[in-house]
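# need coordinates for the below:
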Amino acid sequence: MGFDNQPRSTPPALTLSPLAQAVSTARHYVRDLLPALGGEGCLDNAQLAVSELVTNATLHARTAMTIEVLRAPSGRIRISVRDDSPMIPQPRSYSRTATTGRGLRLVEAVCTAWGVDGLAKGAGIGKVVWCEPALDSAVPRPNDEWGDVIQEMA
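Sure thing, here's the model as predicted:
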């Protein structure tokens, strides 16, 4: 299923503590919201992307985080993770077999776009890391750079 431009209501945000179970909770939250937003076609990629963003927030920001899922102006699904750390995440160049440092590369591989927005003055400290998951049919094949890693994690 592709992305449509039908208006949809904005689901409530989810706030989580920086604990290991936050990743699983965020995956379930995204999985449960996507059908109401018309995003069934990106379910696997969305769950993988939110897992990586929440893991990064848990390990590096170490603050409470707020997850939102909505339809972006582009018509695509947008997932955002806000935390109170001013540290801007940077993609690393670790190998595909590394057990750490590859989260943003995986997000790049399964999303059409991603980025980091600083908070507006008066909105507090921190940042919002967001992504727009690609359709699951666009997942790299096992012979692509990240395809075998993504297949194992999906």
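# the stretch of helix or strand Val30 belongs to: which residues count as buried?
If you go by DSSP states H and E, Val30 is part of helix 21-37. Neighbour counts over helix 21-37 (16 or more other C-beta atoms under 10 Å) mark Ala22, Val23, Ala26, Arg27, Tyr29, Val30, Leu33, Leu34, Leu37 as buried. Where C-beta positions appear, they are placed from N, C-alpha and C, glycine not excepted.
# one more: stretch 113-133?
Residues Trp114, Gly126, Lys127, Val128, Val129, Trp130, Cys131, Glu132, Pro133 are the ones in stretch 113-133 that count as buried (16+ other C-beta under 10 Å).
# quick one on the thing from earlier: so for the helix holding Val30, what's the average pLDDT?
Taken as a whole, helix 21-37 has a mean pLDDT of 96.
# continuing past the one helix or strand Val116 maps to, what's the next helix or strand?
Assigned by DSSP H and E, Val116 falls within strand 111-118. Proceeding C-terminally, strand 111-118 gives way to strand 127-133 as the next helix or strand, assigned by DSSP H and E.
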